[in-house]
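[1] missing the sequence, but the structure's below:
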């Protein structure tokens, strides 16, 4: 993530290499196509029209926007992978360009929305499994729509600190530069805030919910065994177990792919402005950041692949949509 970048790739951008650029470009294209496919299949196939899948569509929209931002910004106007650089001329355009685009603000917004959308999917499954009697009363369609809207609003608000990290440069050779803070500890505080609210909080809440769901599902299976329940009851519990297992894999992928980038952010939010730690401006850290950013981007690509292999109903829906189209 280019949380603090400008248009001078030698000064502000992480070192990567052509292979990172190629993987980023290929991943962005795959991510766009994959997330569009998820939206198309779920919205087109009627037996996939339920609360859980509608929430997965919202998650796919966040990932789709992330992939589009990666492709059209990182690969066309900023960073080592850029085919050309955009340099606005008017003062207002330069302010917007540096503070909203070069700072990575919109990428942070979509990543935050992705993390908290996964929380909402988990919340819906949590009530369906752990508190089924309260499900219909608490998780109405209207409330879920309001919650989704709040997630996007919160994502925009939580990302605001990044707006104050980059500004138009006074140097005519550079379009943007990092803002000088009165004390470098402010950079660390912004990094800690971002780490807590965009990474640690959604992951912790989601993990606790999955843990409780797994316990509840085990209890349900045990109760069905004691009651010698019918096969239909077992099928329902097994279907729930499979869905929770798939969502757990989605969470696991998010943790693995996000962690390096957020750790780098926490320690070195602004590496070219005398980062809080001495190694923040080193060449080794630039290589680490390039790889960490790549992994971060790939999280928005991998979810459709997980659905294809681990979500049986999605595979059935895809086959139905394909056969119907042909």
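    Done, it's in. Everything numeric here is computed off the predicted structure, so don't read it as measured data.

[2] wait, what's in contact with residue 242?
    Contacts for residue 242 (Cβ atoms under 8 Å, 6 or more residues apart in numbering) come out as 310-312. Any C-beta I mention is one placed from the backbone N, CA and C, and that applies to glycine too.

[3] would you map the strands across the stretch 101-250 of the chain?
    Ranges of strands in the stretch 101-250 of the chain, per DSSP state E, counting those that start in this stretch, are 166-168, 176-178.

[4] burial-wise, tell me which of those strands comes out on top.
    strand 176-178 (a mean of 24; mean count of other Cβ atoms under 10 Å).

[5] can you tell me which of the contacts of residue 242 has the most neighbours?
    residue 311 (24 neighbours; other Cβ atoms under 10 Å).

[6] excluding its backbone neighbours, what's nearest that residue?
    Leaving aside its chain neighbours, residue 311 sits nearest to residue 246 (5.1 Å; criterion: Cβ to Cβ, 6 or more residues apart in numbering).

[7] the one you found against residue 310, yeah?
    Yes - counting by Cβ atoms under 8 Å, residue 246 does reach residue 310; the two are 4.1 Å apart.

[8] which secondary structure element of this protein has the lowest mean pLDDT?
    strand 176-178 (a mean of 78; mean pLDDT, DSSP states H and E).

[9] helices and strands around that strand, which ones?
    Judged by 3 or more Cβ pairs under 8 Å, 6 or more residues apart in numbering; DSSP states H and E, strand 176-178 is in contact with strand 166-168.

[10] for the strand it packs on, give me every contacting residue.
    Applying Cβ under 8 Å, 6+ apart, the set of residues contacting strand 166-168 is 4-6, 91, 94-95, 97-99, 102-103, 175-179.

[11] state the distance from the closest residue to residue 170 other than its chain neighbours to residue 305.
    Leaving aside its chain neighbours, residue 170 sits nearest to residue 177 (7.6 Å; criterion: Cβ to Cβ, 6+ apart). Here the criterion is Cβ to Cβ, to the nearest Å. By it, residue 177 lies 39 Å from residue 305.

[12] report the central residue of this protein.
    residue 111 (3.4 Å; Cα atoms, centre = their mean).

[13] any regions of the stretch 101-250 of the chain where pLDDT drops low?
    Filtered on pLDDT under 70, the stretch 101-250 of the chain yields the residue ranges 173, 182-184, 226, 228-234.

[14] how about the helices of it, start to end?
    Secondary structure of the stretch 101-250 of the chain (DSSP state H, counting those that start in this stretch): helices located at 105-129, 132-138, 141-158, 185-195, 201-227, 231-267.

[15] highest mean neighbour count out of those?
    It is helix 105-129: most buried of the helices of the stretch 101-250 of the chain by mean count of other Cβ under 10 Å, with a mean of 23.

[16] how far away from the center of its chain is that one?
    9 Å (Cα atoms, centre = their mean, to the nearest Å).

[17] and it, what does it pack onto?
    Helices and strands touching helix 105-129, by 3+ Cβ pairs under 8 Å, 6+ apart, are helix 51-69, helix 132-138, helix 141-158, helix 201-227, helix 231-267, helix 283-310.
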